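**Q** Sharing a model that was predicted from the sequence below.
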Amino acid sequence: MSENDLKPIVPKTGQLLIENPEELVLCKPRLIPLKSYTLEKLEKMQKEAIKTLHEIKENQNN
């Protein structure tokens with residue numbers, strides 16, 4: 001190997017410094033939902049079940 005064929009040494013711990021920041025590409029931030037679709041669906045099912053339960057109790061009282 002000649003002196004020009006040096007391999008970079010990447011540290012396994014600590015910070016990695018980059019000397020050419022103009023090569024960095026920033027991407028747009030991704031928005032993630034606060035609640036997953038499944039959680040929203042389960043909450044909707046639970047609200048419907050509670051509503052049905054209240055309707056049944058009202059019908060029994062009448």
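**A** That came through, no problem. Since this is a predicted model, take the numbers as computed values, not measurements. Numbers count the residues shown, from 1 in each chain.
**Q** ok, so what distance separates Lys35 from Glu48?
**A** 17 Å (CB to CB, to the nearest Å). Glycine gets a C-beta too; all of them are placed from N, C-alpha and C.
**Q** do Ile9 as well
**A** 60 Å.
**Q** quick one, which of those two is more surrounded?
**A** Glu48 (10 against 5; other CB atoms under 10 Å).
**Q** Okay, helices next: where are they in the chain?
**A** Taking DSSP state H, the helices of the chain run over residues 37-61.
**Q** got any ranges where it has weak pLDDT?
**A** Across the chain, residues meeting the criterion (pLDDT under 70) sit at 1-4, 11, 16-21, 23-24.
**Q** Swap in 90 and give it another go.
**A** 1-38, 58-62 (pLDDT under 90).
**Q** can you count the residues close to Ile50?
**A** Counted with other CB under 10 Å, Ile50 comes out at 10.
**Q** Return the residues in contact with it.
**A** By CB atoms under 8 Å, 6 or more residues apart in numbering, no residues touch Ile50.
**Q** Now do it against Glu43, distance only.
**A** Taking CB to CB, one finds Ile50 at 11 Å from Glu43.
**Q** again with Thr52
**A** 15 Å.
**Q** now do Pro33
**A** 13 Å.
**Q** out of the two, which sits in the more crowded spot?
**A** Glu43 (11 against 8).
**Q** Return the residues in contact with the more buried one.
**A** Lys35 are the contacts of Glu43 under CB under 8 Å, 6+ apart.
**Q** Quick one: neighbours of Gln46, just the number.
**A** 10.
**Q** what's near enough to touch Lys35?
**A** Going by CB under 8 Å, 6+ apart, the list of residues near Lys35 reads Glu43.
**Q** quick one, phi psi at it?
**A** phi -120, psi 140 (degrees, to the nearest 10).
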